[in-house]
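Student: Just a sequence and a predicted model for now, questions to come.
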Amino acid sequence: MKSDKWSKVVQLHQYTKSLILLAEEHELEEWKTFLHPVLEQRDALNHICIAIGGEIDIPPNPKAGYIDDSLDKALAHLYRAFFDTADWIGIILREKIIEVVKPYDNECITAVAPEYYERIRPDLEQLNSNLAKLRNSKDECTDSSVMISQAENYTQKIEKLLKDYKLLIPKVPALEQFKSKQRKKTAKKIFWEIVIGIICAVVGIIGTYLLTRSGKL
Amino acid sequence: MRRTFRRSHIRREKTEMQEIISKESWIDLIGVDIPSQRPVTEETVWCTLKNASRFRGSVRASTGRIWTDHDYEARRKRVLRMRLP
């Protein structure tokens, strides 16, 4: 039981750490850091030390359940740290993906990066809304197995989105090319519409003139 | 708003401090929680910058590159409001 909780503590810490490192690397605004996960980890460290103290008899003769209670508290803090970090990186990812695809219209994105509408956009929308919900209810979860499975699940989702983002970046030149082709096509279309309009007007004027001359009008 | 926040924090800190002072030995403090997390404000950033030379730690924190609670929430709202194309 105890070793199971210890492994959960380590797993949650490693998931959070990996996301903190990724979030700091991908942060757009002045390489700012987010202190809340670190402060939660500080609280978790206190409970981890209390649990270790229980195992090595500091203080002497700890009460029954002393270690388990401390580990539960540590897990709760680490879980909060995880979701604060996941929310942070979720926001960064959304900002970055919007920055890449914003200048292009639906036709352009569908033609060059079809995976955006197939996978990236639904995944991102789902991730942001789920993380917001979980962030608000992070104090309610007390089952450590649920904590771990959620943390694992969201870490995988975030890593997948990061991979998708990295696949989207090399497509920017193709998106630009498509956009300029589209512009040229539109300009050509407008040009021919104007030319046809002028021809119609000229034919109309000549026709009216000829009919007036022949006395039919 | 800010004033109320500060007052409630001062009150809480006083209670925590009284609890800590009433203990006689470090062993009695083992089970005591670390003081509760305070909101990260502009003042926190300013104090961190001011005392940067006195502690070793994250370069980002010591150069004041920290999201304050207010700024982070504002950014979060702004980004979540942005519609994906």
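Tutor: Received the coordinates, thanks. What you see is a predicted model, and the numbers here were worked out from it, not measured in a lab.
Student: From now on I want contacts and neighbour counts done on CA atoms only, so please keep to that.
Tutor: Noted.
Student: Determine whether the claim that B:E16 is in a strand is correct.
Tutor: No: under DSSP: H, G, I helix; E, B strand; the rest coil, B:E16 sits outside any strand and is assigned helix.
Student: buried sites along the helix or strand harbouring A:I91?
Tutor: Using DSSP states H and E, A:I91 sits within helix A:66-101. Neighbour counts using 16 or more other C-alpha atoms under 10 Å in any protein chain shown place A:66-68, A:70-98, A:101 of helix A:66-101 among the buried residues.
Student: now stretch A:157-167
Tutor: Neighbour counts using 16+ other C-alpha under 10 Å place A:I158, A:L161, A:L162, A:D164, A:Y165 of stretch A:157-167 among the buried residues.
Student: Could you export it as CSV, CA atoms only?
Tutor: The C-alpha trace of stretch A:157-167 is given here as CSV (Å, rounded to 0.1, in the frame of the first residue of the first chain):
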residue,chain,number,x,y,z
LYS,A,157,-2.7,14.5,-24.9
ILE,A,158,-0.4,17.5,-24.4
GLU,A,159,2.6,15.6,-25.8
LYS,A,160,0.5,14.6,-28.9
LEU,A,161,-0.6,18.2,-29.4
LEU,A,162,2.9,19.4,-29.1
LYS,A,163,3.9,16.9,-31.8
ASP,A,164,1.1,18.1,-34.0
TYR,A,165,2.2,21.7,-33.4
LYS,A,166,5.7,20.8,-34.5
LEU,A,167,4.2,19.1,-37.7
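Student: Just say helix, strand or coil for A:K63.
Tutor: Of the three states, A:K63 takes coil under three-state DSSP.
Student: Torsion angles phi and psi at it?
Tutor: Per-residue torsions, A:K63: phi -70, psi 160 (degrees, to the nearest 10).
Student: Number of residues surrounding it?
Tutor: A:K63 has 9 neighbours, counted by other C-alpha atoms under 10 Å in any protein chain shown.
Student: how about A:E25, what does it touch?
Tutor: Taking C-alpha atoms under 8 Å, 6 or more residues apart in numbering or on different chains, we find A:E25 in contact with A:W31.
Student: State the next helix or strand along the chain beyond the helix or strand containing it.
Tutor: Following DSSP H and E, one finds A:E25 within helix A:2-26. Note on helix A:2-26: by DSSP H and E, the next helix or strand toward the C-terminus is helix A:35-55.
Student: I'd like to know which elements that following helix is packed against.
Tutor: Helices and strands touching helix A:35-55, by 3 or more C-alpha pairs under 8 Å, 6 or more residues apart in numbering or on different chains; DSSP states H and E, are helix A:66-101.
Student: which helices and strands does the helix it packs on pack with?
Tutor: Using 3+ C-alpha pairs under 8 Å, 6+ apart, helix A:66-101 sits against helix A:2-26, helix A:35-55, helix A:121-136, helix A:144-168, helix B:69-81.
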